[in-house]
Every structure is written in structure tokens, then in C-alpha cells.
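Engineer: attaching a predicted model along with its sequence, questions to come.
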Amino acid sequence: GDSVTQMEGPVTLSEEAFLTINCTYTATGYPSLFWYVQYPGEGLQLLLKATKADDKGSNKGFEATYRKETTSFHLEKGSVQVSDSAVYFCALAFYNTDKLIFGTGTRLQVFP
Amino acid sequence: KAGVTQTPRYLIKTRGQQVTLSCSPISGHRSVSWYQQTPGQGLQFLFEYFSETQRNKGNFPGRFSGRQFSNSRSEMNVSTLELGDSALYLCASSLGQGPSTDEQYFGPGTRLTVT
């Protein structure tokens, strides 16, 4: 079935370090891909999305490119801040359905 | 505008009991989806309601049910609670055109503990 695989955490970085969180997917069609972020004690928030191959989603300094050939959607940020500490979820969904399929989440901890 | 609200925020129940959780979507949103979040299974889709009709369903037993009212508010019910039902239950609302097109907004969740 359709699924999303993320790298296990926690990912521990110093402030201003470069971040990569790997995400790969398995899908029978051509899904849209998403990154959601969950800050402590809060619900999920959409961070960025890409709806077709080679699209790049970006927001708040985070970027991810939809790579159909490698079925990947890795999250990157050039310089992380302490305030980026949260759990990051990669997800996929098919057009016209509200069902999101999530990866297991990756906890990011950024230290000053 | 007000965000998605979920009540109650915390709940403790005993095995065998039933529970009802409530979700009020953002004004104007017609779709409400429910997710279960556990440390072991992560985030799993339960079901989605659009204009009072269940449009999608996840792979959960029949003990999990839901409904949506004409004002788009939704309730989720779990009967005959099991220890494994302990989880954070999240609801999300949207206009209903799918997350590829319009954003899903998540509530803060209801933390259910079954003892």
C-alpha cells in the first residue's frame, strides 16, 4: 500500500547548522507531498507542499523538492534556529481526497 | 478567525467504557478529518466527513465511529475502550477539496488515556 518512510530521530544540531531530514514514499499513483511540523503541545501545521514532480516547496527557510525518480521529498534548511525544535512529519495525499498518509515523524532538537 | 477547537483536551477512561470527542472546524469549512497519533503507530487516518457524509475511512475497527452535523461540527465515538486506544486524537478541517488544493488545519488534539 501507499506509505511514507522518514529517517528516525532525534536529529540533534547546533544553531546555524544545516538540516536534512530524509523522506521517501511508496505510492501507486502520483501523490502530492507535504511536510508538517508539530511544536510541543500544539497541533500539526503545514510547513510546505509540492503537488507534482520537480516542484519545490518552500517556507520559513525550509525547502523540499519532489523527486519522482527517487521517490523522495527531503526537507532541508540552511541554518536552523532553536525555535525550529519540533517534530517534522512527511506526508502524501492523492488529488481530491483529504486522507493524509504520514511518516512516523522526526524529532529535531536545536541547541544554542 | 478562530482555529479548529477540540473538546475535551484531556480525558481519562476505563477499559470497556465508551467516549465521545468533539471537533469544531474553522467557520466555512465543510470537511473534518480525524487522526489517531500514538508513539508506536504514528499518525493514522481514521475517517473524513464532508457535508455530513463519510467520504473516506481508514483501517480501524467498527468500535470507532463518527458523524458530522449540519453546522460541520463533528464527533468521534469509541466504544468498548481498550488500553491500546490511548492516544492523541487530532481533527483537521478544510474546505474539502483535498490537501493538494486547500490546506488542512489541525486542532490541538484530545489526549485520551484508557486505564
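Structural biologist: That came through, no problem.
Engineer: and the residue nearest the centre of the chain?
Structural biologist: No chain in the question, so chain A it is. A:Trp35 (3.4 Å; C-alpha atoms, centre = their mean).
Engineer: not quite, I wanted chain B
Structural biologist: For chain B, the residue sitting closest to the mean C-alpha position, by C-alpha atoms, centre = their mean, is B:Trp34 at 3.0 Å.
Engineer: contacts for the helix or strand that residue falls within, please.
Structural biologist: Counting by DSSP states H and E, the element that carries B:Trp34 is strand B:31-38. Strand B:31-38 has contacts (C-beta atoms under 8 Å, 6 or more residues apart in numbering or on different chains) with A:98-100, A:102, B:23, B:25, B:43-50, B:55-56, B:60, B:66, B:68, B:72-74, B:76, B:86-96, B:104, B:109. Quick note: C-beta positions are derived from backbone N, CA and C, even for glycine.
Engineer: in helices only, show me those.
Structural biologist: Using DSSP state H, no member of these sits in helices.
Engineer: return the members of the residues you listed classed as buried.
Structural biologist: A:98-100, A:102, B:23, B:25, B:43-50, B:55, B:60, B:66, B:68, B:72-74, B:76, B:86-96, B:104, B:109 (16 or more other C-beta atoms under 10 Å in any protein chain shown).
Engineer: now the helix or strand harbouring A:Phe34 and strand B:31-38, what's the angle there?
Structural biologist: Taking DSSP H and E as the criterion, A:Phe34 maps to strand A:32-38. If you take axes from the mean of the first three to the mean of the last three C-alpha atoms, to 10 degrees, strand A:32-38 sits at 60 degrees to strand B:31-38.
Engineer: strand A:32-38 packs against which elements?
Structural biologist: The contact analysis (3 or more C-beta pairs under 8 Å, 6 or more residues apart in numbering or on different chains; DSSP states H and E) places strand A:32-38 against strand A:23-26, strand A:44-50, strand A:56-59, strand A:62-65, strand A:86-93.
Engineer: now do B:Gln36 against A:Asp55, distance only.
Structural biologist: Using C-beta to C-beta, to the nearest Å, we find B:Gln36 at a distance of 30 Å from A:Asp55.
Engineer: before we move on, back to that, and the helices and strands packed on strand A:32-38: which comes nearest B:Leu81?
Structural biologist: strand A:44-50 (24.5 Å; C-beta to C-beta).
Engineer: tilt between that closest one and strand A:86-93?
Structural biologist: Per the same axes, to 10 degrees, the angle that strand A:44-50 makes with strand A:86-93 is 50 degrees.
Engineer: alpha carbons of strand A:44-50, in PDB - could you do that?
Structural biologist: Only the C-alpha atoms of strand A:44-50 are listed here, as PDB (Å, rounded to 0.1, in the frame of the first residue of the first chain):
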ATOM      1  CA  LEU A  44       0.200  20.000  13.200                       C
ATOM      2  CA  GLN A  45       0.900  22.900  10.900                       C
ATOM      3  CA  LEU A  46       1.500  22.700   7.200                       C
ATOM      4  CA  LEU A  47       5.100  23.700   6.500                       C
ATOM      5  CA  LEU A  48       5.300  23.200   2.800                       C
ATOM      6  CA  LYS A  49       4.000  21.200  -0.100                       C
ATOM      7  CA  ALA A  50       4.700  20.100  -3.700                       C
END
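Engineer: touching chain B at all, that strand?
Structural biologist: Yes - counting by C-beta under 8 Å from any C-beta of the partner chain, chain B is contacted by strand A:44-50 at A:Leu44, A:Gln45, A:Leu46, A:Lys49.
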